[in-house]
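Colleague: Here you go, sequence then predicted model.
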Amino acid sequence: MLALTSYSVVLALHIIAVTVAFGFSLLAPVYVPYVRRAHPQALAALHDVQYRMETRVTGPAIVLLFLFGAYMAGENDLWSESWVQVPITLLVAIAIGGVFTIKTIKRMAAIAHAGITASGGDEIDLGDEYEQLYGRYLVVQSLLCTLVLVAVFYMAAKP
């Protein structure tokens, strides 16, 4: 017989929230450079989607994953465990970095829309500002993805 406990249900919800929060963003360092290189005319739409996902999915899911995690830590008196403290610290850093990322994506979308419109179907030149933003975005996004993976490792391996 299947015996569900409140802890096991909240644990499942916590894992689902992590997947929802970071699933789309985790591979951005792979798919954004690909779109930029192979389909630059799609960059405006891509950045629009990224912005919507980050603000309407990732942000709320981060709040939920924290609440579910806090419930489990509180119920089982786990706050002093390093595998709880390290991911919480990383989550704060991820949230702060996410604010930068969201602002950058919004600006890159605006530049891409203007550049695509100005190109009139010819080669798209997004300019120096876009290139600078893109470079910073890729570095920060890659760092945030690494922090997510380190947090998942801590939660799973419990070192």
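Modeller: Thanks, I have it. None of these values were measured; they are calculated from a predicted model. Numbers count the residues shown, from 1 in each chain.
Colleague: can you pull the contacts of the spatially most central residue of the chain?
Modeller: By CA atoms, centre = their mean, the chain has its centre lying nearest to residue 25, at 4.0 Å. Residues in contact with residue 25 (CB atoms under 8 Å, 6 or more residues apart in numbering) are 53-54, 58, 141, 144-145, 148. Bear in mind the C-beta positions are built from the backbone N, C-alpha and C, glycine included.
Colleague: again with residue 91
Modeller: With CB under 8 Å, 6+ apart, residue 91 has these contacts: 62, 65-66, 151.
Colleague: closest to residue 106 among the contacts of residue 25?
Modeller: Nearest to residue 106 among the contacts of residue 25: residue 54, at 9.2 Å, using CB to CB.
Colleague: from memory that closest one sits against residue 99, does it?
Modeller: No - taking contacts as CB atoms under 8 Å, residue 54 lies outside contact range of residue 99: 9.8 Å.
Colleague: neighbour count winner among the two?
Modeller: For residue 54 versus residue 99, the count of surrounding residues by other CB atoms under 10 Å is larger for residue 54: 20 against 11.
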